[in-house]
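Enquirer: missing the sequence, but the structure's below:
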Ligand SMILES: NC(=O)c1ccc[n+]([C@@H]2O[C@H](COP(=O)([O-])OP(=O)(O)OC[C@H]3O[C@@H](n4cnc5c(N)ncnc54)[C@H](O)[C@@H]3O)[C@@H](O)[C@H]2O)c1
Ligand SMILES: CC(C)[C@H](C(=O)O)[C@@H](O)C(=O)O
């Protein structure tokens, strides 16, 4: 029996479509190797381009397609010089996260080669942790408020709900168990100052009791920023509030080569969106030099998440191909000091991937 996975493809803005095309190409190349699996890849309009065309950055038809899909692949959305009249940017990825309740922002950070990190003394895989960002509330809860520019103040609320905190903490502990590395979950909070964080910590501690095989720890967010740079190998899985996670995930990406190396998944109970942590990078858009690795690794996360042994096999093959290609430090785009174009780097991943899949077929 053939299982057809419905995948919605949202290229978005800036380099979004450039990197998304690379992931779609690799999925199409893998498909013939997968027994009983097909991908129904459907592109939909979204983002700044769609806002300028129709006035709606996330048309209802696009949202419905995402809601009823098996997974969404998203490039990047938003451009700094295109804003709503209220001064904020077009960011329909936030609407997707909230409306589909994609509470778990899973952002893995892995060093593929010693030359990719600005830190001294770290080699391949010696930086390897996952940041889990709560993605439906926290400080983003107040984001719909519009500032009155003539008023004397502007206020945003930070919300931590029991349901929101518990489900994201469970996700982090489950992930630590599955990774089978240091088996540690670090709650990154500000419980020395904010009552919402005292509450978050209380719920984290309650959840931790259900995971006696995993070590829980508390780290203040300011200290966590220091430790991430001073001793990133001390982390296994981190879990944190929405805004802290937004900021720390960019810092973390900087440890392993930059935004082009940072994949991401926004996971809910019934839906999931896979996108790089990076934005639309308007400074390099249209030049064919965007680093496709974060997007390709996000597609690998999607294959892992889809519930099928063949997509799981494909996920491992794709991650292995990326790792093999990146073991040669000349295989880099200009953001990491290399000379390759987006397509050339994807070509290298593609040929490594085909060798892996061909050899699996020979041995089957
Ligand atoms: N998830 C998203 O869609 C998302 C995430 C972050 C920012 N944004 C939006 O993107 C726009 C630009 O934001 P920004 O400049 O703060 O962040 P950015 O991530 O787009 O870029 C930051 C820096 O990283 C570089 N960079 C990012 N991705 C790269 C890649 N794949 N290859 C090579 N270099 C890469 C850029 O060239 C830039 O120098 C803004 O409108 C922002 O709101 C969207
Ligand atoms: C562009 C922005 C709305 C988005 C966020 O804040 O979540 C981005 O920074 C991210 O990390 O995905």
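Expert: Here it is on my side, so go on. Predicted model only: the values in this text are computed from it and were never measured. Ligands and ions are numbered 1, 2, ... in the order given.
Enquirer: packing partners for the biggest strand by length in the chain?
Expert: Longest strand of the chain, by residue count under DSSP state E: strand 3-12. With contacts taken as 3 or more C-beta pairs under 8 Å, 6 or more residues apart in numbering; DSSP states H and E, strand 3-12 sits against helix 16-30, strand 37-43, helix 60-67, strand 71-76. Heads up, the C-betas are built off the backbone N, CA and C, glycines and all.
Enquirer: doesn't residue 12 make contact with residue 279?
Expert: No - counting by C-beta atoms under 8 Å, no contact exists between residue 279 and residue 12, whose distance comes to 9.5 Å.
Enquirer: any shared contact partners between the two?
Expert: Residues touching both residue 279 and residue 12 (C-beta atoms under 8 Å, 6 or more residues apart in numbering): 76, 78.
Enquirer: between these two, which has more neighbouring residues?
Expert: A direct count of neighbours by other C-beta atoms under 10 Å for residue 279 and residue 12 places residue 12 higher, at 29 against 22.
Enquirer: quick one, what contacts the residue in the chain that ligand 1 sits nearest to?
Expert: Closest contact between the chain and ligand 1, by C-beta to the nearest ligand atom, is at residue 279 (2.3 Å). Applying C-beta under 8 Å, 6+ apart to residue 279 gives the contacts 14, 76, 78, 259.
Enquirer: neighbours around the third one, how many?
Expert: Going back to what we said before, that points to residue 78. 24.
Enquirer: for the first one, same thing?
Expert: Burial of residue 14 is recorded as 26 neighbouring residues (other C-beta under 10 Å).
Enquirer: with adjacent residues omitted, what lies nearest to it?
Expert: residue 280 (2.7 Å; C-beta to C-beta, 6 or more residues apart in numbering).
Enquirer: the second one too?
Expert: The spatial neighbour of residue 76 that comes closest, neighbours along the chain excluded (C-beta to C-beta, 6+ apart), is residue 16 at 3.9 Å.
Enquirer: how near is the one you found to residue 214?
Expert: Remark: distance between residue 16 and residue 214 (C-beta to C-beta, to the nearest Å) = 36 Å.
Enquirer: give me the more crowded residue out of those two.
Expert: Under the criterion of other C-beta under 10 Å, the comparison of residue 16 against residue 214 puts residue 16 first, with 29 against 20.
Enquirer: list the contacts of residue 94.
Expert: 140, 143.
Enquirer: wait, does the helix or strand hosting it contact ligand 1?
Expert: Using DSSP states H and E, residue 94 maps to helix 92-99. Yes - against ligand 1, helix 92-99 shows contacts by C-beta under 6 Å from any ligand atom at residue 93.
Enquirer: pLDDT of that helix, averaged?
Expert: For helix 92-99, the per-residue pLDDT values average out at 96.
Enquirer: may I see the buried residues of that helix?
Expert: By neighbour count on 16 or more other C-beta atoms under 10 Å, the buried set for helix 92-99 is 92, 93, 94, 96, 97, 98, 99.
Enquirer: settle this for me: the first one is touching residue 57, isn't it.
Expert: Spelled out, it's residue 92. Yes - distance between residue 92 and residue 57: 4.5 Å, which falls inside the contact criterion (C-beta under 8 Å).
Enquirer: what sits in contact with each of those two?
Expert: In contact with both residue 92 and residue 57: 46, 47, 77, using C-beta under 8 Å, 6+ apart.
Enquirer: my guess is the second one meets residue 17, correct?
Expert: This means residue 47. No - checked against C-beta under 8 Å, the pair residue 47 and residue 17 is beyond contact range at 9.5 Å.
Enquirer: more neighbours: which of the two?
Expert: residue 47 (29 against 21).
Enquirer: phi, psi of that one?
Expert: Main-chain torsions, residue 47, degrees, to the nearest 10: phi 90, psi -160.
Enquirer: before we move on, back to that, closest one to residue 184 among the helices and strands packed on strand 3-12?
Expert: strand 71-76 (28.9 Å; C-beta to C-beta).
Enquirer: report whether that closest one contacts ligand 2.
Expert: No - residues of strand 71-76 are not located near ligand 2 by C-beta under 6 Å from any ligand atom, the shortest gap being 8.1 Å.
Enquirer: in the longest helix anywhere in the chain, which residues are buried?
Expert: In the chain, assigned by DSSP state H, the helix with the most residues is helix 342-363. Residues of helix 342-363 classed as buried: 342, 343, 345, 346, 348, 349, 350, 352, 353, 354, 356, 357 (neighbour count, 16+ other C-beta under 10 Å).
Enquirer: now pLDDT and distance to residue 192 too, for those, in a markdown table please.
Expert: Below are the buried residues of helix 342-363 laid out as a markdown table (pLDDT from 0 to 100; distance: C-beta to C-beta, whole Å):
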| residue | pLDDT | distance to residue 192 |
| --- | --- | --- |
| 342 | 98 | 44 |
| 343 | 98 | 49 |
| 345 | 98 | 44 |
| 346 | 98 | 46 |
| 348 | 98 | 47 |
| 349 | 98 | 45 |
| 350 | 98 | 49 |
| 352 | 98 | 48 |
| 353 | 98 | 47 |
| 354 | 97 | 53 |
| 356 | 97 | 48 |
| 357 | 96 | 51 |
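Enquirer: quick one: which of the residues you listed is nearest residue 117?
Expert: Using C-beta to C-beta, those come closest to residue 117 at residue 345, 18.8 Å.
Enquirer: test my guess that the closest one contacts residue 332.
Expert: Yes - counting by C-beta under 8 Å, residue 345 touches residue 332, with 7.4 Å between them.
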